[in-house]
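*Asks:* Show me how the following folds:
(one chain, ligands or ions: 1)
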Amino acid sequence: MEALIIATADAFDAMTDDRELTLKWKCDSCGYAPGNDERPDVCPQCGAQKRRTYRQPKTLDGAIDELRRGAGTQFHPAVVKAFLTMIERDGVKTDV
Ligand SMILES: [Zn+2]
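*Replies:* Residues are numbered from 1 along each chain as shown. This is a model prediction of the structure:
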């Protein structure tokens with residue numbers, strides 16, 4: 001049961017992970033790094049096109065839907081139920 005709980009929490013964590021968004025943007029062509037949290041599509045210094053390499057994190061609702069969909073297959077339904085009950089009760093802390 002413990003493993004099932006951890007698997008569910010892990011999956012949820014991965015779904016809502018926004019660590020990539022907190023990484024500082026840096027141009028890999030010239031090394032330019034803006035002093036703020038800017039994420040330009042084109043490097044203002046060398047003009048290199050920057051592909052957005054980070055993926056958009058799923059919304060909380062999206063992650064919850066994903067858990068619901070996986071209940072009974074990917075995740076244990078009782079664990080998902082308890083997890084969602086906990087989220088409803090306590091909310092989710094998005095700050096780390
Ligand atoms: Zn550059």
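*Asks:* Spatially central, which residue of this protein would that be?
*Replies:* Geometric centre of the chain, nearest residue: residue 17, 2.1 Å, by CA atoms, centre = their mean.
*Asks:* Quick check: pLDDT value at that one.
*Replies:* The model reports residue 17 with a pLDDT of 70.
*Asks:* Helix, strand, or coil at it?
*Replies:* Secondary structure, DSSP: H, G, I helix; E, B strand; the rest coil: residue 17 is coil.
*Asks:* how much space between it and the ion?
*Replies:* In this structure, residue 17 and the ion are 27 Å apart, going by CB to the ion, to the nearest Å. Heads up, the C-betas are built off the backbone N, CA and C, glycines and all.
*Asks:* and the gap between that residue and residue 10?
*Replies:* Applying CB to CB, to the nearest Å, the value for residue 17 to residue 10 is 10 Å.
*Asks:* what do you get for residue 61?
*Replies:* Per CB to CB, residue 61 is found 19 Å from residue 10.
*Asks:* near the ion, which residues of the chain show up?
*Replies:* For the chain, the residues in contact with the ion (CB under 5 Å from the ion) are 27, 29, 30, 32, 43, 45, 46, 48.
*Asks:* got a list of what the second one touches?
*Replies:* For residue 29, the set of contacting residues under the criterion of CB atoms under 8 Å, 6 or more residues apart in numbering consists of 43, 46, 48.
*Asks:* Please repeat the previous calculation with a cut-off of 6 Å.
*Replies:* By CB atoms under 6 Å, 6 or more residues apart in numbering, the contact set of residue 29 is 46, 48.
*Asks:* if we can go back for a sec, please, a ChimeraX command that selects the buried ones among the residues of the chain next to the ion?
*Replies:* To isolate the buried members of the residues of the chain next to the ion in ChimeraX, using 16 or more other CB atoms under 10 Å:
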select :27,43
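*Asks:* what comes into contact with stretch 71-85?
*Replies:* 4, 5, 8, 67.
*Asks:* run the last query once more with 10 Å
*Replies:* By CB atoms under 10 Å, 6 or more residues apart in numbering, the list of residues contacting stretch 71-85 from outside reads 1, 3-9, 11-12, 64, 66-70.
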